[in-house]
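Participant: Build me a model from this:
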Amino acid sequence: MCRWYAWSHLVSPAQHALNLQFYQLPVLKSFVRNPQVHVCATADPEMLTGPFIHLGPAAAGEMHALIKDIQEHCAHLLEFADAWRAFDRRLQETADGTTLDELYNELPTPLSGLVELVYDLSSRPTMRLIEELLRADCLDNSPTQELSLYDGLDADRSFFLNTPRPVSPARVDLRVPFADPRIDLLASMRIRPAPLSTLSAAFGLTEDTEARLRKLVSHEPPRRRTPQVTEEGVRLRHFGHACVLVQTAKTSVLFDPLPAWDANQPGGSLTFDDLPDHIDYIYITHNHQDHFCPETLLQLRHRVGKVLIPRSNPSNIADPSMRLILERMGFRSVETHPPLTTIPLPSGSLTTIPFLGEHAGFDVLSKQGALLTLQGRRLLFLADSDCSDCNVYRRIAPLLGEIDVLFIGMECYGAPLSWLYGPYLSGQVTRKMDESRRLSGANCERAWRVIQEVKCKRLFVYAMGQERWLQYLLGLAYEPGAIQLVESDRLIERCRAHGIPAQRLTGCTEMWV
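Facilitator: Numbering: from 1, shown residues only. Presented below is the predicted three-dimensional model:
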């Protein structure tokens, strides 16, 4: 979107506007002013995820042109972002607990008719964005959407937050809105062959574009490793990070889809090609880029029965509606469920579970774990939950029953709050706030409290971001002795000492449970 990697928050128009104005444009302007600063910074692996563009000085001219293009074609988005931040600051400075009605007369045009001015129960004012009203005639960002097709390795991709994609003759760029049904034709060709002429006609490709696309297609089908289950039992496939597929002969549930694309890399023994032709349910635990990935979801859209998601908080601009994001991506069968909702499945059920922590203390509701029951096996997925209050799990445990397998993330020292949420903040963030409030999961002690409450028979620590092919999304490459590895090792040792089989999952794995 605007040549930047399309993570979920960018699909939402308001959040896209704020990211453009208060992160992407400033980084671009900094690069154009002094490319060498960025070159020096990006030479340091420790700066991979910092606000530095990973391009050489020769790209300065193209990035200058990109700035002008954004300013011209996204003026309505930039105007909205400026109006939002300015009026939010005014609201915080002037609202004194008395009625906010008169302030509606002062709303700038980009916000008029799109927000409700409200107080919380402590009389703190806020603007509630009515996201459903952000239609094509109001704050449309679909013209910025495009697909980029090329032959490359995930390990060579630039970090998603800080580097736009320059134009390249090696790529095929298609200016197509994400909701366009033609994407299903393109994506279906991964498992069903079709003539290139069909694709060319559908997208209206020029001869030059079709010639470049021809280099990216094959007459040979991909090698697929038993994508369907025919025998009895419950097969579990870990595709890396938090991506787990649970299958029986009748049902398939895919959690946080983010598989590898290339099998020829360490740990990448299972890839996108090994997913089943039809997936009954996709369950997305929360709205972070490594769990809710538009790139993967768009290519699965035609293969999915239902997408199950948590609700969002409409009073928090940092918590965009996952339902609306998916609808803007062309998904039509999306179900939103509050915590402790049980959804019947063939031979089992799925129950949504409260998710604490990992969102820097923001009032974000779009996060949930899940209890999946299939053929009598009970699998509990807590994603990046942090057990800051074990009494929550003490109350949940009687509702869960006996847990056969627990999955929990242990990124116990996450990114500071401004890393992902900075563009949404109107007030100043002190260094103390930034360091204290992190996107962190559980450490050993907190994860152990969960285990004591739910009494699992087996533990998997997952979602640690150590797969090399995910570095462009996570920027994580722990050195030996990193606190995340130390804490997860401590937990595994403690579990084993108490007779609970435990391991940390990295790369791909298959097992029957």
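
Participant: so where's the stretch 251-400 of the chain uncertain?
Facilitator: Along the stretch 251-400 of the chain, no part satisfies pLDDT under 70.

Participant: mind listing the helices for it?
Facilitator: 294-300, 322-328, 390-400 (DSSP state H, counting those that start in this stretch).

Participant: now the ones you listed as JSON lines including distance to G204?
Facilitator: Just so you know, the C-beta spots here come from the backbone N, C-alpha and C atoms, and that holds for glycine as well. Output for the helices of the stretch 251-400 of the chain, formatted as JSON lines (distance: least, Cβ to Cβ, whole Å):
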{"stretch": "helix 294-300", "distance to G204": "20"}
{"stretch": "helix 322-328", "distance to G204": "23"}
{"stretch": "helix 390-400", "distance to G204": "53"}
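
Participant: so which of those comes closest to K306?
Facilitator: helix 322-328 (10.8 Å; Cβ to Cβ).

Participant: Using CSV, write out the CA atom coordinates for that closest one.
Facilitator: Only the C-alpha atoms of helix 322-328 are listed here, as CSV (Å, rounded to 0.1, in the frame of the first residue of the first chain):
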residue,chain,number,x,y,z
MET,A,322,-10.5,-7.1,12.3
ARG,A,323,-13.9,-7.8,10.8
LEU,A,324,-13.8,-4.7,8.7
ILE,A,325,-10.2,-5.3,7.7
LEU,A,326,-11.2,-8.8,6.4
GLU,A,327,-14.3,-7.5,4.7
ARG,A,328,-12.1,-4.9,2.9
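
Participant: Tell me which residues are up against it.
Facilitator: Defining contact as Cβ atoms under 8 Å, 6 or more residues apart in numbering, one finds that helix 322-328 is touched by 8, 11-12, 131-132, 142, 178-179, 284, 287, 292, 294, 297, 307, 309-310, 312, 334, 336, 366.

Participant: Out of these, name the ones that lie in strands.
Facilitator: Mapping these onto strands (DSSP state E) picks out V307, I309, P310, V334, T336.

Participant: Could I get those residues in JSON lines, plus columns for distance to A86 and neighbour count?
Facilitator: JSON lines is the format used below for those (distance: Cβ to Cβ, whole Å; neighbours: other Cβ atoms under 10 Å):
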{"residue": "V307", "distance to A86": "36", "neighbour count": "25"}
{"residue": "I309", "distance to A86": "32", "neighbour count": "26"}
{"residue": "P310", "distance to A86": "31", "neighbour count": "26"}
{"residue": "V334", "distance to A86": "34", "neighbour count": "19"}
{"residue": "T336", "distance to A86": "32", "neighbour count": "17"}
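
Participant: For R214, give me its contacts.
Facilitator: L196.

Participant: Please, which helix or strand holds the residue nearest to W4 when sequence neighbours are not counted?
Facilitator: Nearest residue to W4, sequence neighbours excluded (Cβ to Cβ, 6 or more residues apart in numbering): P164, at 5.0 Å. P164 belongs to no helix or strand when elements are defined using DSSP states H and E.

Participant: didn't P164 look like it was pressed against H64?
Facilitator: No - the criterion here is Cβ atoms under 8 Å, and P164 misses it with H64 at 12.0 Å.

Participant: dump the residue contacts of the residue nearest to W4.
Facilitator: P164 neighbours (Cβ under 8 Å, 6+ apart): C2, R3, W4, Q24, L28, I53, M63, L66.

Participant: Among these, which one is most surrounded by other residues?
Facilitator: Of all the contacts of P164, the most densely surrounded is Q24 (26 neighbours; neighbours counted as other Cβ atoms under 10 Å).

Participant: per-residue confidence at the residue nearest to that one when sequence neighbours are not counted?
Facilitator: The shortest distance from Q24 to any residue other than its chain neighbours is 6.0 Å, reached at W4 (Cβ to Cβ, 6+ apart). Looking at W4, its pLDDT stands at 97.
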